[in-house]
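S.K.: output the structure for:
(chains A and B)
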Amino acid sequence: MIMDYTIFILILPLLSFLAIGLSGTALKPRNAGAGGTVVAGLVTLLSYYTAFDYFTTQNVNGVWQSVTPCNFTWLNVGEKLHIDLGIMLDQVSVMMLVVISTVSLMVHIYSLGYMKGERGFGRYYAFLSLFTFSMIGLVVATNIFQMYIFWELVGVSSYLLIGFYYSKPSAVAAAKKAFIVTRFADMFFLIGILVLSYYTQTFDFGVLIPGDASLFGPALGTTFMGVSAMSWAMALIFIGGAGKSAMFPLHIWLPDAMEGPTPVSALIHAATMVVAGVYLVARLFPVYVGFTPEVLHGIAYVGAFTAMFAAVIAIAQTDIKRVLAFSTISQIGFMMVALGVSTGMGLSEHEHGGLGYMASMFHLFTHAMFKALLFLGAGSVIHAVHSNEMKDMGGLRRYMPVTHITFLIACLSIAGIPPFSGFMSKDEVITAAYGFSTGMGVWMTVIAGLTAFYMFRLYYSIFWRKEYKVRDGRRPHESPRSMTIPLLFLALLTVAGGFIPFGKFVTADGTQYIIRLNVTVAAISVSVALTGIGVAAYLYRRDNAYPAHLAKGFGKLYRAASNRFYIDELYLFITKKIIFNGISRSFAWFDRHVIDGAVNGLGRATLRTSQAIRGLQSGSVQWYAWVFLLATLLITLLAIW
Amino acid sequence: MNTSLEAVPLQAFLIVSLIMFFAGIYGFFTRKNMIMMLISIELILNSVDMNFAVFNRYLYPGEMEGLFFALFAIAVSACETAVAIAIVINVYRRFGNAEVNNIEQMKE
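M.R.: Numbers count the residues shown, from 1 in each chain, chains lettered A, B, ... in the order given. Predicted coordinates for the structure are as follows:
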């Protein structure tokens, strides 16, 4: 079978997880770290080779073919439905393999330095391997149910890693919140899968993606509350994706997930897991764009709102990891918008319907690189100053040159300054948005400006603003090589990534497309970005009173943004007051008094009956004889009658 | 001799034996003294013997099985009474009186 070495990309991290996880304390931390990193390195090499192999051999008539190295039936459900497990390689999944394995390897190497000396070092690397396995299984899934299985596995890995510092109550609470919110969204995902597979009688992507009107006819025909069953299914599936990708209002778990170690935030909550929702929509894109375009438009609106919402909150945050978390939510909003504004599959000189798809995948690729770089850089800073808050930083450019330069490169990239990769991909997204409607294009450009502003607010607050106050002789120092090498590698990718001719590799229908720069859009977005940077520099480069004045000027809006628009409080109110107090309390009363009461009552009745008939065993011979006589009389009477 | 007895209907004898039987049963249930219980048992057995004799005389005048069985029953009753007296003596030696509520160990 072609390319069946790819099975090792899946198996190696799983074996690594089992080996490191089961050896426990028998394995020295250094060896656990080394083993995990070596496996990550092997997986990366295999992924690169797979990409090389795929993109040089699988081109037929200018269209990228999808290859299925292995696919075996795991469970038969009903006569025609069956759940398979297998590997499917096409342009998007190969691209994702490259992204996941690269970022995973960087995080493995980085954690050798960052997590040095921590308790549970081996456990950490075991969980990293589990995550890598789950995420790879998700992206190479051949059918939607396999994707769901690995989706849940990824959620479990995220829970384990967020709650890594299990003795910290806030970390435990954050892990619980992440898992419950995503699990809640996954309920809708499952319902969507079941509805869709009920009508199409298949889970397989190979059947669903080239599906036509005959396959989806029954689903499109049946309506429920005025909307076709197909739209319901695709919308529900998107809700599952929205939970994992932290779209409003299911975004609440991601800022809290920053309680986990920073490399974990880089791997899971910036580069890979949170894009699972985007990947899901991209995977089912032909179905969305061909049969339920209204759901796709809904996705665009949700993404656009989330992007603006998160950007406004990010402006008012003081914890650097929270700023990056909201930035991630905002950028994923960009990716969702890009997918949502697509009107077709084709992408060529004449047809631009599929531009959004290509732009979204390109932005996913570049975002993974520079966001991971941002998080790892933030980790480097946190490692040096032992604090997450901006007020404890400032002037760090003197002490941490490598971190400073790489962080600056990443900030320039996310702000959309040429020639960095972020500019290239964001430009395509905004062009696609303009193609949908001018309003959407303007909205996204404004958000891009806000992005530039808050990212450079972050940059200046950490590395400029004021001189660092050296406390009791502890000067911050540059991070060890194990931490700076990944930073440098990711910076290299951030710089060079923009020049990859992405359209030649990843498009919706597999044809090649050469990315052309739309000069108007580029000029507008660059000038907006430069304006954002300029304002941030004016306010934050040197310590002054303007930011405080502005904050007071905005008053309520600033306070609301700083408190994340009170969405968490709203959720707490709903769960505590309405669900716990109202519904659960009555159920608990019912359980305690009616059900337990019945069982206890049964016991009490038995006891009382036994007390009553105790007298029958009196021990007195005369009593026994009396009963004997009565019985005899009874039998005689019965015999007569 | 035969004529005087034939003038009495069969049912009369049966009613007497019935009364004796239930009197014996009542005495067995309600007496505290074990000797009184034994007397009641004798009453029951005697009523049964009377039944046998009466049926033999009225229904099967030429045969003698009824009489023989009645003799047999009297003999057995005598043996059983001997055994019962032995038990009563043992109870008396143990408890100082022959009351039946001393020996209720089989309860519960």
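S.K.: what residues does chain B have near chain A?
M.R.: Taking Cβ under 8 Å from any Cβ of the partner chain as the contact definition, chain B meets chain A at B:25, B:28-31, B:37, B:100-101, B:103-108. The way it works is simple: take the backbone N, C-alpha and C, and place the C-beta from them, glycine included.
S.K.: now, those that are in strands?
M.R.: When those are checked against strands using DSSP state E, none is located there.
S.K.: longest strand in chain A, by residue count?
M.R.: With DSSP E as the criterion, chain A gives strand A:67-77 as its longest strand.
S.K.: ok now the next helix or strand after that one, how far from the chain's centre?
M.R.: The helix or strand immediately downstream of strand A:67-77 is strand A:81-89, counting by DSSP states H and E. Shown here is strand A:81-89, whose average C-alpha point lies 22 Å from the average C-alpha point of the whole chain (Cα atoms, centre = their mean, to the nearest Å).
S.K.: quick one: name whatever helix or strand follows strand A:81-89.
M.R.: Note on strand A:81-89: by DSSP H and E, the next helix or strand toward the C-terminus is helix A:91-114.
S.K.: what helices or strands is that next one leaning on?
M.R.: In this structure, helix A:91-114 makes packing contacts with helix A:29-57, helix A:121-139, helix A:262-266, helix A:276-283, helix A:355-385, helix A:481-496, judged by 3 or more Cβ pairs under 8 Å, 6 or more residues apart in numbering or on different chains; DSSP states H and E.
S.K.: before we move on, back to that, what residues of the longest strand of chain A count as buried?
M.R.: Within strand A:67-77, the residues scored as buried using 16 or more other Cβ atoms under 10 Å in any protein chain shown are A:Val67, A:Thr68, A:Pro69, A:Cys70, A:Asn71.
S.K.: do the same with stretch A:440-447
M.R.: For stretch A:440-447, the neighbour count (16+ other Cβ under 10 Å) marks A:Met440, A:Gly441, A:Trp443, A:Met444, A:Thr445, A:Ile447 as buried.
S.K.: how far away is A:Ala141 from A:Arg614?
M.R.: Shown here: A:Ala141 relative to A:Arg614, a distance of 68 Å by Cβ to Cβ, to the nearest Å.
S.K.: just want to know which of these two has more residues nearby.
M.R.: Just comparing A:Ala141 and A:Arg614: by other Cβ atoms under 10 Å in any protein chain shown the higher neighbour count belongs to A:Ala141, 26 against 11.
S.K.: and the closest residue to that one other than its chain neighbours, what's its pLDDT?
M.R.: When the adjacent residues along the chain are set aside, A:Ala141 lies closest to A:Met147, with 3.9 Å between them (Cβ to Cβ, 6 or more residues apart in numbering or on different chains). Predicted confidence (pLDDT) for A:Met147: 94.
S.K.: and A:Met147, how many neighbours?
M.R.: Residues within reach of A:Met147, counting by other Cβ under 10 Å, total 23.
S.K.: give me the helices and strands touching whichever helix in chain B runs longest, please.
M.R.: What stands out as the longest helix in chain B, according to DSSP state H, is helix B:65-95. For helix B:65-95, the packing partners by 3+ Cβ pairs under 8 Å, 6+ apart come out as helix B:34-59.
S.K.: in the helix or strand hosting A:Val195, which residues are buried?
M.R.: Secondary-structure element containing A:Val195, defined by DSSP H and E: helix A:169-200. Along helix A:169-200, the positions that meet the burial threshold by neighbour count (16+ other Cβ under 10 Å) are A:171, A:174-175, A:177-179, A:181-182, A:185-186, A:188-193, A:195-197, A:199-200.
S.K.: is A:Asp568 in contact with A:Leu254, as I believe?
M.R.: No: using Cβ atoms under 8 Å as the test, A:Asp568 is too far from A:Leu254 to be in contact (11.6 Å).
S.K.: quick one, which of these two is more surrounded?
M.R.: In this view A:Asp568 and A:Leu254 are compared by other Cβ under 10 Å, and A:Leu254 has more residues nearby, 25 against 15.
S.K.: can you tell me how far that one is from B:Glu80?
M.R.: Note on A:Leu254: its distance to B:Glu80, by Cβ to Cβ, is 95 Å.
S.K.: and for A:Val337?
M.R.: Remark: distance between A:Val337 and B:Glu80 (Cβ to Cβ) = 107 Å.
S.K.: cool, B:Ala73 as well?
M.R.: For B:Ala73, the distance to B:Glu80 (Cβ to Cβ) stands at 10 Å.
S.K.: same question, A:Ala233
M.R.: The separation that A:Ala233 has from B:Glu80, given Cβ to Cβ, amounts to 90 Å.
S.K.: please name the residues that touch residue 32.
M.R.: You didn't pick a chain, so chain A it is. Counting by Cβ atoms under 8 Å, 6 or more residues apart in numbering or on different chains, A:Ala32 touches A:Ile20, A:Ser23, A:Phe121, A:Gly122, A:Tyr125, A:Ala126.
S.K.: that answer is for a different chain, and I need it for chain B
M.R.: Contacts of B:Lys32 were listed using Cβ under 8 Å, 6+ apart, and they are B:Glu99, B:Val100, B:Asn101.
S.K.: next one: A:Gly290
M.R.: Residues in contact with A:Gly290, defined by Cβ under 8 Å, 6+ apart, are A:Met345.
S.K.: any idea which helix or strand carries it?
M.R.: Following DSSP H and E, the helix or strand that holds A:Gly290 is helix A:285-291.
S.K.: check contacts around the residue of the stretch 151-300 of chain A found nearest chain B.
M.R.: Nearest residue of the stretch 151-300 of chain A to chain B (Cβ to the nearest Cβ) works out as A:Lys176 at 54.9 Å. Each residue near A:Lys176 by Cβ under 8 Å, 6+ apart is listed here: A:Tyr159, A:Gly163.
S.K.: switch the cut-off to 7 Å
M.R.: With contacts taken as Cβ atoms under 7 Å, 6 or more residues apart in numbering or on different chains, A:Lys176 has no neighbouring residues.
S.K.: A:Phe55 too?
M.R.: Listed by Cβ under 7 Å, 6+ apart, the contact partners of A:Phe55 are A:Phe505.
S.K.: B:Gly62 - how many residues pack around it?
M.R.: Burial measure for B:Gly62: 5 neighbouring residues, criterion other Cβ under 10 Å.
S.K.: looking at this, it is in a strand?
M.R.: No: remark: B:Gly62 does not belong to a strand; assigned using DSSP: H, G, I helix; E, B strand; the rest coil, it is coil.
S.K.: what are the phi and psi values at it?
M.R.: B:Gly62 has phi and psi values of phi -80, psi -20 when expressed as degrees, to the nearest 10.
S.K.: could you list the low-pLDDT ranges of the chain?
M.R.: All of this is about chain A. Using pLDDT under 70 as the threshold, the predicted model of chain A has low-confidence ranges A:1, A:349-351, A:472-473.
S.K.: you looked at the wrong chain, it should be chain B
M.R.: B:1-6, B:107-108.
S.K.: before we move on, what SS does the residue of the stretch 501-641 of chain A found nearest chain B have?
M.R.: Closest residue of the stretch 501-641 of chain A to chain B, Cβ to the nearest Cβ: A:Gly619 (3.1 Å). State at A:Gly619, reduced to three classes by three-state DSSP: coil.
S.K.: so what does it have for phi and psi?
M.R.: phi 90, psi -10.
S.K.: wait, it touches B:Gln105, no?
M.R.: Yes: counting by Cβ atoms under 7 Å, B:Gln105 is a contact partner of A:Gly619 at 6.1 Å.
S.K.: neighbour count: the two, which is higher?
M.R.: The residue with the greater number of neighbours, taking A:Gly619 and B:Gln105 and applying other Cβ under 10 Å, is A:Gly619; the counts read 13 against 7.
S.K.: who touches A:Phe456 in this structure?
M.R.: A:Phe456 makes contact with A:Cys411, A:Ala415, A:Gly532, A:Ile533, A:Ala536, A:Ala537, according to Cβ under 7 Å, 6+ apart.
S.K.: how about those residues in JSON lines, adding neighbour count, distance to chain B and secondary structure?
M.R.: Formatted as JSON lines, the contacts of A:Phe456 follow (neighbours: other Cβ atoms under 10 Å in any protein chain shown; distance: Cβ to the nearest Cβ, whole Å; DSSP: H, G, I helix; E, B strand; the rest coil):
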{"residue": "A:Cys411", "neighbour count": "26", "distance to chain B": "88", "secondary structure": "helix"}
{"residue": "A:Ala415", "neighbour count": "28", "distance to chain B": "90", "secondary structure": "helix"}
{"residue": "A:Gly532", "neighbour count": "23", "distance to chain B": "91", "secondary structure": "helix"}
{"residue": "A:Ile533", "neighbour count": "22", "distance to chain B": "94", "secondary structure": "helix"}
{"residue": "A:Ala536", "neighbour count": "24", "distance to chain B": "90", "secondary structure": "helix"}
{"residue": "A:Ala537", "neighbour count": "16", "distance to chain B": "95", "secondary structure": "helix"}
